[in-house]
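Novice: My questions concern the predicted model and sequence given below.
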Amino acid sequence: MSEQRIGGTTGSAQIPNRTTHITGWGHEVPAATLTNADLEKIVETSDEWITTRTGIRERRIASKGETTASMGALAAARALAVAGIKADDVDLIVVATLTPDHLMPSTAVLIKGALGSTRAAAFDLSAACSGFAYAYAVAHGFLTAGLGQRALVIGAETLSRAVDWSDRSTCVLFGDGAGAIVLEALDLEAGQGAASRPGTLSFELSADPSGAYALWIPGGVGEGADPLIKMDGAKTYVYATRTMAAVATAAIERAGLTPAQVDLVIPHQANIRIIEHVSKAISFPMEKIFVNLDKYGNTSAASIPIALSEAVAAGRLKPGDVFCTVAFGGGYTSGAFVTRWGADPAHGARAASVDPASIRVVRPEGGAKADEPPAVLQVFLGRRHR
């Protein structure tokens with residue numbers, strides 16, 4: 001089955017004379033760490049087996065009170081601080097997640113409330129691990145269509161609550177966390193070409209339903225719904241290696257660039273072997289690819305914005321640099337976007353001004369147990385690491 005992709009009728013991700021650019025960024029991960037050695041006490045596995053096959057050494061696990069919404073709200077608050085704006089300066093909040101706090105209301109609405117926003121439209125988007133790329137494209141379209149000036153784009157997950165902790169093929173892979181950006185509309189000067197144009201240059205999205213049940217969560221509404229992740233690992237690995245290279249190449253070509261003109265690739269952090277395959281397939285050196293999956297595992301829609309936030313803090317992006325993100329996820333879905341960085345990395349220090357205690361997700365008294373970690377992990381959640 002051939003993949004059908006979108007990226008604008010001309011291949012350019014812009015309405016004439018307007019694009020978008022990132023002005024704020026931030027992330028939040030739980031304090032509790034679950035190491036590969038810890039997993040040896042839960043399932044039949046080993047640190048050597050996990051590390052050699054995935055590159056993952058540890059992952060963060062949400063404790064009681066930490067949820068997709070609470071982590072997403074804190075990441076978003078930091079992104080607002082970095083951008084130097086207030087919550088009511090934002091016109092749209094899009095949350096990419098496959099682990100929402102509730103089926104209804106949306107996690108985006110809970111985050112809006114936690115931030116104190118009174119005017120933004122807010123909704124969730126589900127495209128699994130490709131969700132952040134999809135959410136970025138949606139927000140870009142909203143802003144370039146003139147429907148607003150600024151958007152919060154958030155990827156947030158508590159995958160530890162959707163994992164079967166008796167299945168060693170999946171439970172070793174996933175972790176929890178959230179990342180966010182502020183995306184702003186940017187009016188362009190006439191005649192700016194790909195070589196000098198700032199902001200978002202291109203994007204590429206795909207969806208292939210032939211893999212819908214190779215990586216999925218059967219649950220939904222109804223009695224007996226199964227809420228845990230199921231995966232055909234071999235099939236998913238083969239498809240991921242092929243499609244991530246293809247969408248990254250297409251997005252770079254749509255931007256009018258070659259891989260040699262890209263300064264940094266920020267891939268979905270799923271498996272080091274997949275990332276190494278993409279490196280070879282697009283002839284892009286590993287030293288120009290940002291990797292942090294050893295610390296966090298696969299955080300699905302949160303992986304790219306967390307990695308982006310850490311890449312900026314590590315000095316891997318400076319004004320004028322071009323970076324490409326690329327992701328693959330259940331559906332099957334995949335997505336990529338190419339952006340020229342323009343923000344001052346020093347603004348990242350503003351994130352420290354956010355008081356976590358000031359960001360609260362309001363819940364009904366005695367309400368749903370969205371903030372309860374799995375019982376099997378309780379013994380490990382007393383440890384803290386930053």
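Specialist: On my side now, so go ahead.
Novice: need the next SSE after the helix of greatest length in the chain, C-terminal direction.
Specialist: Longest helix of the chain, by residue count under DSSP state H: helix 233-254. In the C-terminal direction, the helix or strand that comes right after helix 233-254 (DSSP states H and E) is strand 264-267.
Novice: Report the buried residues of the helix or strand just after that next one.
Specialist: As assigned by DSSP H and E, the chain's next helix or strand after strand 264-267 is helix 272-281. Using 16 or more other CB atoms under 10 Å as the test for burial, helix 272-281 gives 272, 274-275, 277-279. (Each C-beta comes from the backbone N, C-alpha and C, glycine too.)
Novice: With distance to residue 350 added, can I get the residues you listed in TSV?
Specialist: Formatted as TSV, the buried residues of helix 272-281 follow (distance: CB to CB, whole Å):
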residue	distance to residue 350
272	32
274	34
275	30
277	37
278	33
279	33
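Novice: can you redo those as CSV with pLDDT and distance to residue 83?
Specialist: Putting those into CSV (pLDDT from 0 to 100; distance: CB to CB, whole Å) gives the following:
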residue, pLDDT, distance to residue 83
272, 97, 32
274, 95, 32
275, 96, 29
277, 94, 35
278, 93, 30
279, 95, 32
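Novice: between the one helix or strand residue 328 maps to and helix 272-281, how big is the angle?
Specialist: Counting by DSSP H and E, the element that carries residue 328 is strand 322-329. Here strand 322-329 runs at 130 degrees with respect to helix 272-281, directions being taken by axes from the mean of the first three to the mean of the last three CA atoms, to 10 degrees.
Novice: Just say helix, strand or coil for residue 177.
Specialist: In terms of secondary structure, residue 177 is strand; the call rests on DSSP: H, G, I helix; E, B strand; the rest coil.
Novice: Contacts only, for it.
Specialist: The neighbours of residue 177, taking CB atoms under 8 Å, 6 or more residues apart in numbering as the test, are 27-30, 60, 71, 156-157, 296, 299, 302, 306.
Novice: in the sheet, who's paired with residue 328?
Specialist: Note on residue 328: beta-bridge partners residue 334, judged by DSSP bridges.
Novice: Around it, how many other residues sit close by?
Specialist: Using other CB atoms under 10 Å, residue 328 is surrounded by 31 other residues.
Novice: And for the one 5 residues further on?
Specialist: The tally of other residues near residue 333 (other CB under 10 Å) stands at 25.
Novice: now residue 32
Specialist: A total of 21 residues lie near residue 32 under the criterion other CB under 10 Å.
Novice: I'd assumed residue 64 was in contact with it.
Specialist: No. With the criterion set as CB atoms under 8 Å, residue 32 and residue 64 do not qualify as a contacting pair; they are 10.2 Å apart.
Novice: what residues are shared contacts of these two?
Specialist: residue 381.
Novice: Stretch 291-305: how far from the chain's middle?
Specialist: A distance of 8 Å separates the centroid of the chain from that of stretch 291-305, by CA atoms, centre = their mean, to the nearest Å.
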